[in-house]
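Colleague: With the sequence up front, the predicted model follows.
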Amino acid sequence: MPLSNDLDKLRSEMQAAVKAHWKAFLFEGILLVVLGIAAMIVPAFASLAVTIFLGWMFLISGVGGLIATFWARNMPGFWWSLISAALAVLAGMLLLARPMQGVLTLTIVVGAYFIAEGVATIMYALEHRRELSGRWSWLMIAGLMDIVIAFFIIAGLPESAGWAIGLLVGLNLMFGGATLIGMALAARNT
């Protein structure tokens, strides 16, 4: 019973916070939709921007990892931690030094991810077709769509590298923004 009360209290506090700040959520949602549309209009630029951003993230996290590793060099796993941090620095430097090649590499990784995700989703759907009754077919369709997307990305290489990441990031931003807009408007009306 205490867990149920805690969940109800948390839910109530979340609803109050969203209602109190619905304009901020609306603004963020609109901003994400605009950025998503921009990324879909110029996907090559968005792909390059994502690659450069990831390069900086790898570089900064790798340098931070190196500092932490040397700071705690007496801890077990020092060499593994050192290798991991050095690889992050290397990946970051490569993405920043050659962002166009980085876009191609990231596009290949995204294509491979969609294949793996599609196969896993299909296998999950088949494994649970009795428990999920009629809903398992939606999982099957989602898995097949992942594989179709992967096919378009991989079959279109190297040209697809110019649009795939930017388009996918744009769609993600747009749908995330639309969700925030819907949440903000619903909170405003409650």
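Modeller: Right, received. Where do you want to start?

Colleague: Apart from its chain neighbours, what residue comes closest to Thr51?
Modeller: The shortest distance from Thr51 to any non-neighbouring residue, by Cβ to Cβ, 6 or more residues apart in numbering, is to Gly102 (4.3 Å). Placement of C-beta: from N, CA and C, glycine included.

Colleague: what sits against that neighbour?
Modeller: Contact partners of Gly102, counting by Cβ atoms under 8 Å, 6 or more residues apart in numbering, are Thr51, Leu54, Gly55, Leu94, Leu95.

Colleague: do the same with Ile60
Modeller: Counting by Cβ under 8 Å, 6+ apart, Ile60 makes contact with Gly92.

Colleague: Next SSE downstream of the helix or strand harbouring it?
Modeller: Using DSSP states H and E, Ile60 falls within helix 43-71. Sequence order places helix 78-97 as the next helix or strand after helix 43-71, per DSSP H and E.

Colleague: Could you check how many residues crowd around Ile122?
Modeller: Other residues within reach of Ile122 by the criterion other Cβ atoms under 10 Å amount to 18.

Colleague: Let me know the helix or strand that it is in.
Modeller: Using DSSP H and E, Ile122 sits within helix 99-127.

Colleague: Buried residues of stretch 149-164, list them for me.
Modeller: Neighbour-count burial for stretch 149-164, with 16 or more other Cβ atoms under 10 Å as criterion, is recorded at Ile149, Ala150, Ile153, Ile154, Ser160, Ala161, Gly162, Trp163, Ala164.
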